[in-house]
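Peer 1: My questions are about this predicted structure, shown below with the sequence.
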Amino acid sequence: MNSELLSLVLDELIPTTSDGRLPGAGTLGVGAVVEHAVTGTPELGQMLTLGFAALEGLAQRRNPDGFGALSRSARVETLRDLEKAAPMFIPTLLTLACVGYYSDERVLTALNGDARPPHPKGYEMEPDDFSLLDGVRSRGMLYRNC
């Protein structure tokens with residue numbers, strides 16, 4: 001997979017915010033998350049490789065130098081064309097991009113989120129209501145001791 005092309009596409013899918021507070025996904029380095037996902041799932045890698053090849057083919061119709069040489073508006077149009085040609089490519093790549101992007105500490109901090117796992121600080125939970133199991137318990141033993 002071409003890392004430079006991946007970074008350019010990610011910056012189009014999740015671009016830099018207009019105020020510059022949040023970088024684009026490619027600029028942030030989310031491509032590494034996508035590449036890591038591909039190493040563990042060969043089918044995913046094959047689908048993305050075919051999608052990027054189709055993207056470059058579409059881009060070269062607009063400019064022989066490929067996707068990187070296109071203007072921003074031409075990149076968006078090329079990605080829209082790709083959505084029609086390979087409908088699973090963009091949603092799959094966007095899902096991976098969101099996982100990497102919104103788990104990055106810099107993004108969470110910029111969004112005023114708490115860059116920590118939910119536990120051990122955790123969230124308040126209702127106490128368990130074991131009376132919900134009364135119906136199951138009243139049926140008696142439905143198995144044999146071994």
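Peer 2: Okay, I see it.
Peer 1: Output the lowest-mean-pLDDT helix or strand in the chain as PDB, restricted to C-alpha atoms.
Peer 2: Within the chain, no helix or strand scores below helix 105-110, which has a mean of 87 by mean pLDDT, DSSP states H and E. Extracted in PDB, the C-alpha atoms of helix 105-110 (Å, rounded to 0.1, in the frame of the first residue of the first chain):
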ATOM      1  CA  GLU A 105      -4.700  11.600  22.500                       C
ATOM      2  CA  ARG A 106      -4.200  14.900  20.600                       C
ATOM      3  CA  VAL A 107      -7.600  14.700  19.000                       C
ATOM      4  CA  LEU A 108      -9.300  13.800  22.300                       C
ATOM      5  CA  THR A 109      -7.600  16.600  24.100                       C
ATOM      6  CA  ALA A 110      -8.600  19.100  21.300                       C
END
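Peer 1: Which parts of it count as buried, going by neighbours?
Peer 2: By neighbour count with 16 or more other Cβ atoms under 10 Å, helix 105-110 contains the buried residues residue 107. For glycine as for every other residue, the C-beta is placed from the backbone atoms N, C-alpha and C.
Peer 1: ok, then the element right after it?
Peer 2: Next helix or strand after helix 105-110 toward the C-terminus (DSSP states H and E): helix 134-138.
Peer 1: what's the distance between that next one and the middle of its chain?
Peer 2: The chain centre lies 43 Å from the centre of helix 134-138; the measure is Cα atoms, centre = their mean, to the nearest Å.
Peer 1: For that helix, list every residue counted as buried.
Peer 2: In helix 134-138, no residue is buried by neighbour count (16+ other Cβ under 10 Å).
Peer 1: In stretch 38-58, which residues are buried?
Peer 2: Neighbour-count burial for stretch 38-58 flags 38, 44-45, 47-48, 51-52, 55-56, 58 (criterion: 16+ other Cβ under 10 Å).
Peer 1: Can you tell me which of the residues you listed is nearest residue 69?
Peer 2: Taking Cβ to Cβ as the measure, residue 56 is the one of the buried residues of stretch 38-58 closest to residue 69, at 11.0 Å.
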